[in-house]
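1. return a 3D structure for these sequence lines:
(one chain, ligands or ions: 1)
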Amino acid sequence: MKAWKAVAGALALMAAQGAHAATTLETVKQRGVVQCGTTTGFAGFSAPDAQGNWKGLDVDLCRAVAAAVFGDAGKMKIVPLNAQQRFTALQSGEIDLLARNTTVTQQRDTALGIIHAGINFYDGQGFLVPRALGVKSAREIDGATICLQTGTSNENTLADWARAHQVKYKPVVIESFNEVVNAFAAGRCDVFSTDASGLASIRISKLQNPDDYVVLPEIISKEPLGPFVRQGDDTWLNVVKWSLFAMIEAEEYGVTSKNVGQMLESANPNVRRLLGVTPGAGKNMGLSETWARSIIEQVGNYGESFDRNVGLGSPLKIERGLNRQWTDGGLMYALPVR
Ligand SMILES: N[C@@H](CCC(=O)N[C@@H](CS)C(=O)NCC(=O)O)C(=O)O
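-> Numbers count the residues shown, from 1 in each chain. Okay, here's the model as predicted:
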């Protein structure tokens, strides 16, 4: 009887182990790098610098996740993707994380087997036009030819807006980012429409004379941009979600890459938990207790990342606007690490 029980127990254990598909966290730890899907090169969010090092607000998120998992922000590999390729790359397992100025919508969050892990930039769709066109408002673009990139939410948003406002336009939709920008620069379309941050990026990094172009005042949609992971892997969802929250909360408490050493002495219980001085948060996620400390040391807090990549410390010079902390009238509100 005893022997039979032992055999049955062993069989049950084997079945359970066989049924256990590795979580993304386990796969990533074993592989030794986080595979992160980004754009093919979109200044401010994800683009290689002159030395070939990828930089940007989204790249910082890839680095933050690597810092949380390995204590080393460098242990990530960038996988460049255009708008059309991004969701398939995540679904197929080619990437562990999509950090690619991707708008969170109900459809994307529920119908594609993927799920968002937070918002790292609150945006809205707008219009860029050559100054010479003399257009001052989106109401004047009736009959225009409008450049858009294939596979973006911008295609549908524009169609909805145009229908609602009885504006007629001719879309020029191109799959490659560089080609669609070149088409606009060459005058093949009158208007470029995408996220306002994207327009700022294109104007500064892709057009020869940025001053020859203006962004129209109208914002026609909500474009909350954030990272995505696969559905059904809650451990990994937590790692990505809380890595972003840690950056946002660090800014709220004034913890920066510069002062994180001194902050270890802080008497604030929230700061002590965030930095792992009071342990617990790391173990709960299968990470070391210094997960958030590594992020802040090596990547910085959200405000530092915003400033150097897209904000006033960058060529894009985007105002914080909606992306200010909630304590400052903005929408950045990290759930508490406690
Ligand atoms: N937020 C929108 C637009 C994102 C998007 O793909 N924007 C284009 C700019 S028009 C881009 O980043 N292209 C870079 C690339 O394809 O490498 C979405 O999620 O669909």
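2. please enumerate the strands of the stretch 151-300 of the chain.
-> 169-174, 191-195, 213-215, 223-225, 228-230 (DSSP state E, counting those that start in this stretch).
3. the ligand is nearest to which of those strands?
-> strand 191-195 (3.7 Å; CB to the nearest ligand atom). Bear in mind the C-beta positions are built from the backbone N, C-alpha and C, glycine included.
4. just the residues contacting the closest one, thanks.
-> Under the criterion CB atoms under 8 Å, 6 or more residues apart in numbering, residues 101, 103, 123-129, 135, 141, 144-149, 152, 154, 158, 169, 180-181, 184, 199, 202, 223, 225 lie in contact with strand 191-195.
5. quick one: average pLDDT of it?
-> The average of the pLDDT scores along strand 191-195 is 98.
6. just want the angle from that strand to strand 169-174.
-> 70 degrees (axes from the mean of the first three to the mean of the last three CA atoms, to 10 degrees).
7. does any part of strand 191-195 sit near the ligand?
-> Yes: using CB under 6 Å from any ligand atom, strand 191-195 comes into contact with the ligand via 194, 195.
8. rewinding a little: pick the most buried one from the strands of the stretch 151-300 of the chain.
-> strand 191-195 (a mean of 27; mean count of other CB atoms under 10 Å).
9. parallel or antiparallel, list what pairs with that one.
-> strand 125-130 (antiparallel), strand 144-149 (parallel) (DSSP bridges).
10. so does the last one get close to the ligand?
-> Same thing as strand 144-149. Yes: between strand 144-149 and the ligand, judged by CB under 6 Å from any ligand atom, the touching residues are residue 149.
11. list the buried ones in that strand?
-> Residues 144, 145, 146, 147, 148, 149 are the ones in strand 144-149 that count as buried (16 or more other CB atoms under 10 Å).
12. now stretch 99-119
-> 99-105, 108, 114-119.
13. which of the residues you listed fall within strands?
-> 114, 115, 116 (DSSP state E).
14. excluding sequence neighbours, find me the nearest residue to the second one.
-> Going back to what we said before, that points to residue 115. Spatial nearest neighbour of residue 115, excluding adjacent residues (CB to CB, 6 or more residues apart in numbering): residue 231 at 4.9 Å.
15. ok, the residue nearest to residue 43 when sequence neighbours are not counted - contacts?
-> Spatially, and ignoring its direct neighbours in sequence, residue 43 is nearest to residue 205 (3.7 Å; CB to CB, 6+ apart). When contacts are counted by CB under 8 Å, 6+ apart, residue 205 touches 43, 44, 47, 315.
16. mind checking pLDDT for residue 205?
-> 94.
17. again with residue 5
-> 57.
18. please renumber the chain so that the first residue is 321 from this point on.
-> Done: numbering now begins at 321, and the last item shifts to residue 325.
19. now the strands for the stretch 321-470 of the chain?
-> Going by DSSP E, counting those that start in this stretch, the stretch 321-470 of the chain shows strands at 354-358, 367-368, 374-375, 396-400, 417-418, 434-436, 441-443, 445-450, 464-469.
20. pick the most buried one from those strands.
-> Scoring these by mean count of other CB under 10 Å, the most buried comes out as strand 417-418, with a mean of 28.
21. any residues of the stretch 421-570 of the chain in contact with the ligand? List them.
-> 421-423, 469, 472-474, 497, 514-515, 518, 543, 545.
22. let's see it at 5 Å
-> Contact residues (CB under 5 Å from any ligand atom) of the stretch 421-570 of the chain with the ligand: 421, 422, 423, 469, 472, 473, 497, 514, 515, 518.
23. ok, now which ones touch the fifth one?
-> Right, residue 472. By CB under 8 Å, 6+ apart, the neighbours of residue 472 are 403, 514.
24. 10 Å instead?
-> Listed by CB atoms under 10 Å, 6 or more residues apart in numbering, the contact partners of residue 472 are 402-404, 421-423, 445, 478, 493, 497, 500, 513-515, 518, 543.
25. how about the third one?
-> If you count contacts by CB under 10 Å, 6+ apart, residue 423 has them with 436, 439, 443-445, 472-474, 477, 515, 541-546.
26. and residue 558, how many neighbours?
-> The number of residues packed near residue 558 is 17, by other CB atoms under 10 Å.
27. just residue 649 next, same as before
-> Residue 649, neighbours per other CB under 10 Å, totals 10.
28. give me every residue that touches it.
-> With CB under 10 Å, 6+ apart, residue 649 has these contacts: 640, 641, 642.
29. thought residue 633 was touching the first one, still the case?
-> This means residue 640. No: between residue 640 and residue 633 there is no contact under CB atoms under 10 Å: 11.7 Å.
30. mutual contacts of those two, please.
-> Joint contacts of residue 640 and residue 633 (CB under 10 Å, 6+ apart) are 626, 627.
31. who has more neighbours, those two?
-> Taking neighbours as other CB under 10 Å, residue 640 and residue 633 compare with residue 640 leading, 17 against 12.
32. quick one: that one from the ligand, how far?
-> 19 Å (CB to the nearest ligand atom, to the nearest Å).
33. no more questions from me, cheers.
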